[in-house]
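Visitor: Mind folding the following:
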Amino acid sequence: MTILLTLSASALAGDAKIVGGTEAGSAWPEVAALLQGGEAVCTGVLIAPDVVLSAGHCGKRIDQVHLKAESLSGPGETLGVREVVRYPQHYTTYDLEVLLLDRESSVTPATIAQDCVLDELVDGASATIVGYGAVDKRGSEYVDELLHAQVQVTDPDCQATERGCMEEVSPGGELGAGGDGTDTCYGDSGGPIFLNTGDGDFLVGITSRGWDDVTVDCGQGGIYVRPDAVLSWLEEAGGWDLAQPDCGSGGTAAEPTEDGPLPVGGCAVTPASPWALGFLMPLVLWGRRRS
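Guide: This is a model prediction of the structure:
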């Protein structure tokens with residue numbers, strides 16, 4: 001599924017909101033629309049001054065990102081993409097990619113949940129999903145605005161392999177969240193889920209796909225890749241030491257510094273889903289990708 005940045009008639013959907021969400025306004029300037037030839041095909045999140053993190057299945061042909069915006073057609077900061085680096089074998093490993101921008105953004109990057117923050121990643125924890133995706137359970141209706149919604153974490157370590165958690169990285173490589181009519185959907189792929197804590201909101205997951213056993217495309221919850229599981233790879237691919245949470249002092253994080261990369265981390269996982277940018281992938285894959 002795609003969203004036209006120029007907003008064709010099919011992209012607008014009246015009063016519907018992101019599967020239970022509301023307009024985000026200016027609350028999330030670090031959340032990006034990923035553009036390919038002027039079309040918004042996925043969502044992403046800034047994690048370093050010139051690095052956006054998104055889902056690997058969103059593709060390598062993304063040429064711009066639109067940050068610091070309340071809507072696709074509204075003013076914001078549009079930056080070029082000089083390179084897209086996917087996680088190795090992303091369809092059978094972590095569903096992630098980083099977009100290296102042609103210059104640094106003026107936006108403050110998101111801070112990845114790690115260390116002491118992860119103590120709050122438990123069943124029932126409060127989180128916020130953000131994205132430019134579809135707003136109905138069929139994944140066919142869109143609005144122009146960036147949307148967000150509060151959800152609960154339902155499987156913090158994604159241990160429910162029978163429902164689609166990737167066995168080789170479970171526990172700890174992914175998490176489950178949302179449901180009961182509040183959920184991410186097509187177009188939200190690569191977008192963030194933020195863990196809400198007393199020290200601030202921390203990036204705890206990247207939108208990947210729906211559960212295997214859902215009966216509708218969107219609305220019954222889904223699976224998010226945990227970036228804390230691949231911090232070394234993110235730092236090497238992006239060329240930055242990522243900001244560290246400062247627990248207990250209002251959520252102020254240290255500024256990232258451009259030092260040498262760390263060794264690559266990560267491990268192999270089972271195949272994931274068949275949807276990427278609206279095209280059916282080989283049938284050995286499963287699930288509902290949210291691009």
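
Visitor: what's the span of stretch 130-138, first residue to last?
Guide: 18 Å (C-alpha to C-alpha, to the nearest Å).

Visitor: What are the contacting residues of that stretch?
Guide: 1, 3, 13, 16-19, 21, 24, 28, 31, 33, 40, 43, 45, 72, 139-143, 146-148, 184-189, 191-194, 207, 216-219, 290 (C-beta atoms under 8 Å, 6 or more residues apart in numbering). For the C-beta atoms, the positions are set from N, CA and C on the backbone; glycine is no exception.

Visitor: filter those to the buried ones?
Guide: 1, 3, 17-19, 21, 24, 28, 31, 33, 40, 43, 45, 72, 139, 141-143, 146-148, 184-189, 191-194, 207, 216-219, 290 (16 or more other C-beta atoms under 10 Å).

Visitor: What's the separation between the residue nearest the centre of the chain and E145?
Guide: Taking C-alpha atoms, centre = their mean, the centroid of the chain lies closest to G191, which sits 2.5 Å from it. Distance of G191 to E145, given as C-beta to C-beta, to the nearest Å: 14 Å.

Visitor: Same check on G179?
Guide: Counting by C-beta to C-beta, the gap from G179 to E145 is 23 Å.

Visitor: before we move on, the earlier item: leaving out the residues flanking it, which one is nearest to the residue nearest to the centre of the chain?
Guide: Of all residues not flanking G191 in the chain, T43 sits nearest, at 3.2 Å (C-beta to C-beta, 6 or more residues apart in numbering).

Visitor: Within its sheet, name the partner strands of the helix or strand hosting the one you found and how each one runs.
Guide: Assigned by DSSP states H and E, T43 falls within strand 39-48. If you go by DSSP bridges, strand 39-48 pairs up with strand 3-4 (antiparallel), strand 31-36 (antiparallel), strand 51-54 (antiparallel).

Visitor: For those, give me a markdown table that also has distance to E162.
Guide: Shown next, in a markdown table, are those (distance: least, C-beta to C-beta, whole Å):
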| stretch | distance to E162 |
| --- | --- |
| strand 3-4 | 33 |
| strand 31-36 | 32 |
| strand 51-54 | 28 |
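
Visitor: all helices for the chain, in order.
Guide: With DSSP state H applied, the chain shows helices at 231-238, listed in chain order.
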